[in-house]
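Enquirer: Structure of the sequence below:
(one chain, ligands or ions: 1)
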Amino acid sequence: MSSFPKTRLRRLRRLPALRRMARETSLSVSDFIYPMFVTHGRDVRTPVEPMPGIYQLSLDHLIEEVGEVAALGIPAVLLFGIPATKDPEGAEAYEAGGIVQEAIRVIKQTAPELMVVTDVCLCEYTDHGHCGVLSDGHVDNDATLELLARMAQCQVDAGADMVAPSAMMDGQVGAIREALDDKGFVDTPIMSYSAKYASGFYGPFRVAAGSEPRFGDRSGYQMDPANSDEAMREIAADIDEGADIVMVKPALAYLDVISTAKKAFGHPMAAYNVSGEYAMVKAAAENEWIDGRRVTTEILTSIKRAGADVIISYHAKEIARWLVDGPQ
Ligand code: PBG
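Expert: Purely as a prediction, here's the structure:
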């Protein structure tokens, strides 16, 4: 590159039209997956306090909201369930009548064009709040694999279009792939939470899903925030086991991991813009300490710029509206 004064990088910044032409990254509504929390009962619409705009919804309200999501052009939802009862093995997760399975069926009846993705993890369903079954006070990896595989089969049986294992058990992608293939679901993709960190940013989600561990924490299975080489090994293992999309979670504090992984693997990548990231922006915006629309757009653009093809975000509905409104 020649230098100043022949080169003036400001030349491309002067006209708005030229700025738009030279823009390297743009968001599209088709990049987004909207997470939703579904609960038993009728006429339930409980606000999740640390996540303004997000609710625990019973099926009747879920249907209404799913209609809105589809009308906004958002291509997919990610479902989390709040079970009627919790037990040590998280039984409702893999019962045909479980809340998520019911939700999939009603969504498929009312908004068949909407893609339904399901979280495959036991933490919302176990009474101890851990992501798998326990033996001697530890999460038993191999015993959990069997249950995760059953859970994924049960969700796909009910009509799920894609499953997203998030328990951080070794071998979970392989176990689920094999279980789906056994049932003939050879074309159902797996989006794996491959590099999922033991993060403080999940705090508000655990309020929404009632999934706070009753003892200890998740550092025995989720990743240490200090590590990135290990994330590459997690992602490589999941690709090897058949993951169609690999995910980094959370997004904002891990943009380096997204970027390195995209360059290293060139695999379809998702990033989860998690509950705590959403809560921080909402809290500051409600106090008018930041411009919520501007900061949200900037954050989501940075996640895409880092290398994410798919963004899972509680902001999906508002960003869909803003993209239609056009630039501010
Ligand atoms: C289930 C799961 C969690 C999230 C997604 N799937 C919680 C956790 O691991 O504690 C967090 C999502 C968010 O914070 O928005 N294991």
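Enquirer: if you go through the stretch 151-300 of the chain in chain order, where are the helices?
Expert: 172-182, 203-209, 229-241, 255-265, 275-286, 292-306 (DSSP state H, counting those that start in this stretch).
Enquirer: any idea which of those helices scores lowest on pLDDT?
Expert: Among the helices of the stretch 151-300 of the chain, helix 203-209 carries the lowest mean pLDDT, a mean of 93.
Enquirer: neighbours around the residue in the stretch 1-150 of the chain that the ligand sits nearest to, how many?
Expert: Shortest the stretch 1-150 of the chain-to-the ligand distance, computed as Cβ to the nearest ligand atom: residue-wise this is Cys121, at 3.9 Å. C-beta here means a position set from N, CA and C on the backbone, and glycine is covered the same way. Cys121 sits with 28 neighbouring residues when counted by other Cβ atoms under 10 Å.
Enquirer: How about Ala91?
Expert: Other residues close to Ala91 by other Cβ under 10 Å number 16.
Enquirer: what's the answer for Phe265, then?
Expert: Burial of Phe265 is recorded as 17 neighbouring residues (other Cβ under 10 Å).
Enquirer: In this structure it contacts Arg233, no?
Expert: No. Using Cβ atoms under 8 Å, Phe265 is not in contact with Arg233, being 11.6 Å away.
Enquirer: any idea of the pLDDT on the residue of the stretch 1-150 of the chain closest to the ligand?
Expert: What the model reports for Cys121 is a pLDDT of 98.
Enquirer: just use 14 as the starting number from now, easier for me
Expert: Will do, 14 is the new start, and the previous item becomes Cys134.
Enquirer: And it, how far from Gly54?
Expert: Cys134 sits 23 Å away from Gly54, going by Cβ to Cβ, to the nearest Å.
Enquirer: follow-up on the earlier one: same list as before, the helices of the stretch 164-313 of the chain that is, but in a markdown table and with distance to the ligand included.
Expert: Converted to a markdown table, the helices of the stretch 164-313 of the chain look like this (distance: least, Cβ to the nearest ligand atom, whole Å):
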| stretch | distance to the ligand |
| --- | --- |
| helix 185-195 | 11 |
| helix 216-222 | 3 |
| helix 242-254 | 15 |
| helix 268-278 | 16 |
| helix 288-299 | 3 |
| helix 305-319 | 14 |
